[in-house]
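Participant: Fold the following for me, if possible:
(one chain, ligands or ions: 1)
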Amino acid sequence: MKLKSFLGLALLAATSAFANTPVYLDATKPIEERVEDALARMTTEEKVAIIHAQSKFSSPGVPRLGIPENWMTDGPHGIRQEVLWDEWQGAGWTSDSCTAFPALTALAASWNPEMSALYGKSIGEEARYRNKNVLLGPGCNIYRTPLNGRNFEYMGEDPYLASRMVVPYIQEVQKVGVAACVKHFALNNQEINRGVINVIVDDRALREIYLPAFEAAVKEGGAWAIMGAYNKYKGQHCCHNQYLLNDILKKEWGFDGVVVSDWGGVHDTKEAITNGLDMEFGSWTDGMRFGASNAYDKYYLAQPYLQLIKEGKVGTKELDDKVRRVLRLTFRTTMNPNRPYGSFATEEHAMAARTIAQEGIVMLKNDNNFFPIDTKRVKRILVVGENAEHRMTIGGGSSSLKVKYELSPLKGILARAKEAGVEVVYKTGYASPAVAEQDVKGAVAPEKIFDLDQLRAEAVEAAKDADLVIFIGGLNKNDGQDCEGNDRKDMSLPYGQDRVIEEIAAVNKNLAVVIISGNAVAMPWVDKVPTIFEAWYNGTEAGSALASILFGDVNPSGKLPFTFPVKLDDVAAHKLGEHPGDGVNVRYNESIFVGYRYADKEKIRPLFPFGHGLSYTTFEYGKPTIDSKTMTADGKVTVSVDVKNTGSRTGKEVVQLYVADKKASLARPVKELKGFDKVELAPGETKTVTFTIDKKALSFYDDKRQEWIAEPGKFEAIIGASATDIKGKVAFELK
Ligand code: BGC
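Facilitator: Alright, predicted model coming up:
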């Protein structure tokens, strides 16, 4: 055959092969066409198969059609180790040690959406490399009480801050072709009785406090998946909740992705069919410590569903809707040939984790500019506290990680001190039960293993001749602390830490305290300690990030994403509402007055307010100005303020805009966060920060009319460096 005619034939063959490519396999076709084509080819059995798990973290694809499985992974701070097919236990791989990113409270404390984007991109790449197409995170439940064991996985007490921070995380994860599965929708604000408790909350609080971050995640972030919560709302489990999933999420917000159940969060086949759930995970297997193993066929959305269809008791309308959503997920992720390949446990990711950690560490107090460490004067540092060495990437529940490495605070300080020629001595000072025991019920109390008096005495003795003492304590992700499945009992530091701090303060005034936690803790010794940091769970590079702040290589710029109350009684959920409820219901009587909204209302002075965080430099705020004193309902006003670095170091300041509604037909918070901007300023430099206020920023949810309302009248734009450090105000009127 002549070359020309051979080529012609080959071309013809190729074109007709292409012409025969089924639409669902043709990535040039719109996703919705691919979805409909695949759906039309599937049997009912295949459809039911793809809407429930086949293993602890995966669901089947359609092998006959070449449609791959879905693989989920926790989330939200790193890619969880591979576990056995039907167990929580590790599979023993040697190639699954990940980068641990800072916990989401730390990210929120950066008040920097760019950090959120960096986080999303990096963790998305790790998920992608490990062939996971759904990342179980981020979490954006609101911080209602400092006792919630899972607050560390969330983004603080304010719906606006959480909204601004959750969106870039999702967008960047999904750019890598991995779905973000935002969790836990909704009202999952405590761990005690989480599987049964029914939340009673008014519509205003639901709309103004608990839903906005999820709404932003869906509408702005474009999340491809969302996880239902364990708890109930309106008497119905949130994983199959008509009002939350069908009425609000799918109808009102137009969510076109999949609703994934929390693991073991499904309780009823009929409700699961009709009330908006799309994929069922974690039911009735040994991993949940009840039921039978390999029981996937018995899942609520497995054989029982198929049976109902076969008997004609339910139709397939809902099934097709669920399958469409699962297919959409597949085409967006695994069957998108253009998605990148990802990368795993790279130096670049470790550095991203470090940068985020550095931006999130909050300097709470620094009397007389005690810090950064002056290495000309300080030649001998005593580090005290178990958290200087305790591994924080392990524990806490489902976010527990197997990491490539975790640089502890002590190691970070040692390395940095060595460079500066400073000696470091370490004493534990107190001790918690061994990590290995943290899952064991009735773990041996620390005083039974260690002599706590002796540990404390050794630390106090060593403190006497140290130039500087750095106490590194806080919580540690053990059961009953910052840990899934349980809440804290009170706000105090565990394991006798208060006494260690008090006794050290009595012998050495040069004492700094570093709290590692995801929650506010009580500080009865606050006036005796000149410098205090909140350093969160910072992951892989926790130690180097902390050291860079302590030694002043990096200027602290984090701000609190939640209020540190003096005591539990200052928290509305405890004073007015309930926690943990009566075992059946928990009433959020405090309504919209959560966090600083309550402190403002009752004029309660917090230990450290929302939005608070200090720097090694100083900032001076000018007088805020507004471009117009009046605003129309469809218009906007612009508020500007000059901020100047008046110190001698480059630093970043988070400028906050709060809006106050001076008179309204319904009770409104004294003020609410409606804008923030983190600006970097060199010494002497001034920048103008500008905020735009629109109708949305002035609106409240009118529960009678069931809609958002901006009432004409007087408002104030308030510029603050925190919720209590107010720098200036400008009045305006909505016409
Ligand atoms: C948690 C989820 C997690 C899931 C899978 C559940 O217990 O609530 O956040 O993603 O387990 O590990």
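Participant: residue in the stretch 201-350 of the chain nearest to the ligand?
Facilitator: Nearest to the ligand, among the residues of the stretch 201-350 of the chain, is Trp263, at 3.8 Å (CB to the nearest ligand atom). Just so you know, the C-beta spots here come from the backbone N, C-alpha and C atoms, and that holds for glycine as well.
Participant: Verify the stated contact: that residue with Phe281.
Facilitator: Yes: applying CB atoms under 8 Å as the test, Trp263 and Phe281 come out as touching, 5.3 Å apart.
Participant: Specify the beta-bridge partners of Asp661.
Facilitator: Phe715 (DSSP bridges).
Participant: Next up, the contacts around it.
Facilitator: 668, 698, 700, 711, 713, 715 (CB atoms under 8 Å, 6 or more residues apart in numbering).
Participant: hmm, back to that, once you drop chain neighbours, what's closest to the residue of the stretch 201-350 of the chain closest to the ligand?
Facilitator: In space, and not counting its chain neighbours, Trp263 is closest to Gly282: 2.6 Å by CB to CB, 6 or more residues apart in numbering.
Participant: number of nearby residues for Arg705?
Facilitator: 8 (other CB atoms under 10 Å).
Participant: Pass me the low-pLDDT residue ranges in the stretch 301-450 of the chain, would you?
Facilitator: Applying pLDDT under 70 to the stretch 301-450 of the chain picks out residues 434-449.
Participant: what does it have sitting close to the ligand?
Facilitator: Ser398 (CB under 6 Å from any ligand atom).
Participant: Which single residue in the stretch 301-450 of the chain comes nearest to the ligand?
Facilitator: Closest point on the stretch 301-450 of the chain to the ligand, by CB to the nearest ligand atom, is Ser398, at 3.5 Å.
Participant: Is that residue in contact with Glu484, as I believe?
Facilitator: Yes: at 5.9 Å, Ser398 counts as touching Glu484 under the criterion of CB under 8 Å.
Participant: quick one, helices of the stretch 601-735 of the chain?
Facilitator: 695-698 (DSSP state H, counting those that start in this stretch).
Participant: okay, now the residue in it that the ligand sits nearest to: neighbour count?
Facilitator: Going by CB to the nearest ligand atom, the ligand is nearest to Phe610 of the stretch 601-735 of the chain, at 25.3 Å. Neighbour count for Phe610, taken as other CB under 10 Å: 27.
Participant: Ok, Lys623 next?
Facilitator: Using other CB under 10 Å, Lys623 has 12 neighbouring residues.
Participant: Now do it against Lys727, distance only.
Facilitator: Separation of Lys623 from Lys727 (CB to CB, to the nearest Å) stands at 9 Å.
Participant: do Pro712 as well
Facilitator: Counting by CB to CB - Pro712 and Lys727 are separated by 27 Å.
Participant: Is it correct that Ile31 is in contact with Arg325?
Facilitator: No: with contacts counted by CB under 8 Å, Ile31 stays clear of Arg325, the gap being 11.5 Å.
Participant: more crowded one of these two?
Facilitator: Arg325 (22 against 17).
Participant: wait, isn't the more buried one in contact with Val258?
Facilitator: Yes: because the distance of 4.6 Å satisfies CB under 8 Å, Arg325 is recorded as touching Val258.
Participant: coming back round to it: neighbour count for Pro712 and Lys727, which is higher?
Facilitator: Lys727 (19 against 12).
Participant: Spatially nearest residue to that one, not counting backbone neighbours?
Facilitator: Lys727's closest residue in space is Tyr621 (CB to CB, 6+ apart), at 3.8 Å.
Participant: Next, count neighbours for that neighbour.
Facilitator: Tyr621 has 19 nearby residues by other CB under 10 Å.
Participant: got a list of what Leu161 touches?
Facilitator: Taking CB under 8 Å, 6+ apart, one finds 108, 111, 155, 561, 673, 676 in contact with Leu161.
Participant: Let me fix that, I meant to ask about Asn368.
Facilitator: Counting by CB under 8 Å, 6+ apart, Asn368 makes contact with Pro530.
Participant: Determine the three-state secondary structure at it.
Facilitator: Assigned with DSSP: H, G, I helix; E, B strand; the rest coil, Asn368 falls in the helix class.
Participant: now the strands for the stretch 551-700 of the chain?
Facilitator: 585-587, 619-621, 625-626, 630-631, 636-645, 651-661, 672-681, 686-694, 700-702 (DSSP state E, counting those that start in this stretch).
Participant: same deal with the stretch 101-250 of the chain?
Facilitator: Going by DSSP E, counting those that start in this stretch, the stretch 101-250 of the chain shows strands at 134-136, 179-185, 198-200, 225-228, 232-233, 236-237.
Participant: cool, the stretch 351-500 of the chain as well?
Facilitator: Going by DSSP E, counting those that start in this stretch, the stretch 351-500 of the chain shows strands at 362-366, 380-384, 423-427, 468-474.
Participant: any idea which of those is most buried?
Facilitator: strand 468-474 (a mean of 27; mean count of other CB atoms under 10 Å).
Participant: So which elements touch that strand?
Facilitator: strand 380-384, helix 409-420, helix 497-507, strand 511-516 (3 or more CB pairs under 8 Å, 6 or more residues apart in numbering; DSSP states H and E).
Participant: Residue in the stretch 101-250 of the chain with the shortest distance to the ligand?
Facilitator: Taking CB to the nearest ligand atom, the stretch 101-250 of the chain has Leu136 as its residue nearest the ligand, at 3.8 Å.
Participant: Identify the spatial nearest neighbour of that residue, chain neighbours not counted.
Facilitator: Excluding its sequence neighbours, the residue lying closest to Leu136 (CB to CB, 6+ apart) is Gly75, at 3.4 Å.
Participant: Touching, His240 and Val266? I think so.
Facilitator: Yes: with contacts defined as CB under 8 Å, His240 counts as touching Val266 at a distance of 6.6 Å.
Participant: So for those two, which sits in the more crowded spot?
Facilitator: Neighbour tally, His240 and Val266, criterion other CB under 10 Å: the higher count belongs to His240, 28 against 25.
Participant: Now do the contacts for Leu657.
Facilitator: With CB under 8 Å, 6+ apart, Leu657 has these contacts: 639, 673-676, 691, 693, 717-720.
Participant: Write out the residues of the chain neighbouring the ligand.
Facilitator: 74-75, 136, 183, 262-263, 398.
Participant: Of all these, the one with the weakest confidence?
Facilitator: Of all those, Gly75 has the smallest pLDDT value, namely 92.
Participant: Okay, that residue and Asp37: tell me how far apart.
Facilitator: Gly75 is 31 Å from Asp37, by CB to CB.
Participant: Dihedrals phi and psi, the residue positioned nearest the centre of the chain?
Facilitator: Nearest to the geometric centre of the chain sits Tyr154, at 3.1 Å (CA atoms, centre = their mean). Main-chain torsions, Tyr154, degrees, to the nearest 10: phi -120, psi -170.
Participant: Need the contacts of Leu161 in JSON lines (columns: distance to Met335).
Facilitator: Formatted as JSON lines, the contacts of Leu161 follow (distance: CB to CB, whole Å):
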{"residue": "Ala108", "distance to Met335": "34"}
{"residue": "Trp111", "distance to Met335": "37"}
{"residue": "Met155", "distance to Met335": "31"}
{"residue": "Pro561", "distance to Met335": "37"}
{"residue": "Leu673", "distance to Met335": "41"}
{"residue": "Phe676", "distance to Met335": "39"}
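Participant: Highest neighbour count among these?
Facilitator: Neighbour-wise, the contacts of Leu161 (other CB under 10 Å) top out at Ala108, 32 neighbours.
Participant: And the pLDDT for it?
Facilitator: Reported pLDDT for Ala108: 99.
Participant: is it true that it touches Met155?
Facilitator: Yes: Ala108 is in contact with Met155 according to CB under 8 Å; the separation is 3.9 Å.
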